[in-house]
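**Q** Sequence and predicted structure are below.
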Amino acid sequence: MNSQNLQFSIVIPTYNRPDRLKQCLQRIVQVDYPRDRFQVIVVDDGSKVPLDAVVAPFQDQVSLTLLRQPNAGPAKARNTGAAHASGTYLVFTDDDCLPAPDWLSVLESRFAESPDALIGGKTLNALPQNLCSTASQLLIDYLYSYYNLDPHRAGFFASNNFALSREQFQTLGGFDTSFPLAAGEDREFCDRWLHHGSLLVYAPEMQIAHAHYLTLKSFWRQHFNYGRGAFCFHRVRSQRNRERIQVEPFSFYFQLLTYPFKQAAFPSAFLLSGLMFLSQVANVFGFFNEKWQSSSQPDLSVNTQS
């Protein structure tokens with residue numbers, strides 16, 4: 001493949017979800033975009049079962065590279081993939097995501113308008129019958145409506161569907177690897193991107209479907225980890241901006257709990273609002289758990305991001 005013609009490098013971190021990865025790759029090879037203009041880089045973040053057999057059937061359909069690393073979290077895995085990328089732009093998604101056929105075509109159009117922006121797309125819930133999955137996606141939808149009111153000056157994108165210049169990614173230093181979980185590292189990256197004067201642009205026509213099956217137990221665990229990530233984010237942000245840790249105002253949480261009633265009919269709206277409340281309880285527990293952990297242990301990490 002001629003790297004001069006390579007427009008996009010799609011980076012997919014994965015960990016112990018071979019079936020999900022297979023479905024993701026099946027969708028990517030169906031993307032309506034010239035095969036010689038994009039590559040796929042799968043980064044195995046220390047899965048227990050080798051992924052060669054999962055990846056092999058797709059390697060004669062697209063340029064696909066499988067990399068392996070000891071388990072270190074998605075931030076490190078994305079950085080590993082980006083370091084091996086050759087495309088002009090990096091496109092990040094996750095192994096449980098299913099891109100739309102025009103995913104890359106939309107991106108190409110958007111980058112023609114805003115070549116130096118970080119462009120984020122819309123995520124749809126692929127499991128509408130799963131109430132916990134629906135509530136989790138509804139929370140992301142609310143965050144997008146809250147932080148991205150002006151689509152040309154957005155404030156936050158989840159890393160399962162955003163893209164940016166490879167050169168700018170490298171200049172910024174990639175994802176902060178002090179975030180060991182899939183929680184908060186994308187928020188920190190977006191905040192650092194804005195801190196350096198660059199734009200986030202929301203492209204709702206750039207769509208993926210997110211097939212993340214959740215039970216009540218895994219829903220709690222997910223949002224507990226989000227709380228842990230939120231503390232890490234606020235700590236890094238306060239250090240960067242030389243200010244005290246600040247959280248969202250009360251109105252943010254009130255609007256969060258009422259948001260389901262604008263999106264769903266009763267009684268689903270009531271149940272979804274209850275799950276949203278539960279997510280915030282889990283978030284608070286995770287936040288203060290991480291705060292206690294960080295205060296009770298010496299900080300041996302060195303954060304090179306600025």
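**A** Done, it's in. Numbers count the residues shown, from 1 in each chain.
**Q** ok, which stretches of the chain are strands?
**A** Along the chain, the stretches classed as strands by DSSP state E are 8-14, 38-44, 63-68, 89-93, 97-99, 118-125, 161-165, 200-210.
**Q** same for the fifth one, what does it pack against?
**A** When you say that, I think you mean strand 97-99. With contacts taken as 3 or more Cβ pairs under 8 Å, 6 or more residues apart in numbering; DSSP states H and E, strand 97-99 sits against helix 18-28, strand 200-210. No exception for glycine: its C-beta is placed from N, CA and C like everyone else's.
**Q** right, so of these, which gets closest to V236?
**A** Among those, the nearest to V236 by Cβ to Cβ is strand 200-210 (17.8 Å).
**Q** before we move on, back to that, need the helices and strands packed on strand 97-99 in CSV with mean pLDDT, distance to D52 and mean neighbour count, can you?
**A** Shown next, in CSV, are the helices and strands packed on strand 97-99 (pLDDT from 0 to 100; distance: least, Cβ to Cβ, whole Å; neighbours: other Cβ atoms under 10 Å):
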stretch, mean pLDDT, distance to D52, mean neighbour count
helix 18-28, 97, 10, 19
strand 200-210, 97, 25, 20
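**Q** Could you point out which of the strands of the chain sits nearest E290?
**A** Among the strands of the chain, strand 8-14 comes nearest to E290, with 21.5 Å by Cβ to Cβ.
**Q** Note down every partner strand of that closest one and its orientation.
**A** strand 38-44 (parallel), strand 89-93 (parallel) (DSSP bridges).
**Q** Name the nearest residue to L216, ignoring sequence neighbours.
**A** If the residues on either side of it in the chain are set aside, L216 comes closest to C132, at 6.2 Å by Cβ to Cβ, 6 or more residues apart in numbering.
**Q** Thought L275 was touching that neighbour, still the case?
**A** Yes. With contact defined as Cβ atoms under 8 Å, C132 reaches L275; the gap is 6.5 Å.
**Q** which residues are in contact with both of the two?
**A** Counting by Cβ atoms under 8 Å, 6 or more residues apart in numbering, the residues touching both C132 and L275 are F219.
**Q** circling back: can I get the helices and strands packed on strand 97-99 in TSV with distance to K217?
**A** Output for the helices and strands packed on strand 97-99, formatted as TSV (distance: least, Cβ to Cβ, whole Å):
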stretch	distance to K217
helix 18-28	19
strand 200-210	19
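**Q** on that earlier part again, could you export the strands of the chain to CSV, including columns for distance to Y147?
**A** CSV is the format used below for the strands of the chain (distance: least, Cβ to Cβ, whole Å):
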stretch, distance to Y147
strand 8-14, 23
strand 38-44, 27
strand 63-68, 32
strand 89-93, 18
strand 97-99, 20
strand 118-125, 10
strand 161-165, 13
strand 200-210, 9
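**Q** closest one to V31 among the ones you listed?
**A** Smallest distance to V31 across the strands of the chain (Cβ to Cβ): 6.1 Å, for strand 97-99.
**Q** related to what we said a few turns ago, among the strands of the chain, which comes closest to E108?
**A** Each of the strands of the chain has some distance to E108 by Cβ to Cβ; the shortest is strand 8-14, at 8.1 Å.
**Q** in this protein, which residue is closest to the centre?
**A** S159 (2.1 Å; Cα atoms, centre = their mean).
**Q** what separates it from F169, distance-wise?
**A** 12 Å (Cβ to Cβ, to the nearest Å).
**Q** same check, this time on V284
**A** Distance of V284 to F169, given as Cβ to Cβ: 32 Å.
**Q** neighbour-wise, which of these two wins?
**A** Using other Cβ atoms under 10 Å, the more surrounded residue of V284 and F169 is F169, with 24 against 15.
**Q** need the contact list for the more buried one.
**A** When the contact criterion is Cβ under 8 Å, 6+ apart, the partners of F169 are A82, L90.
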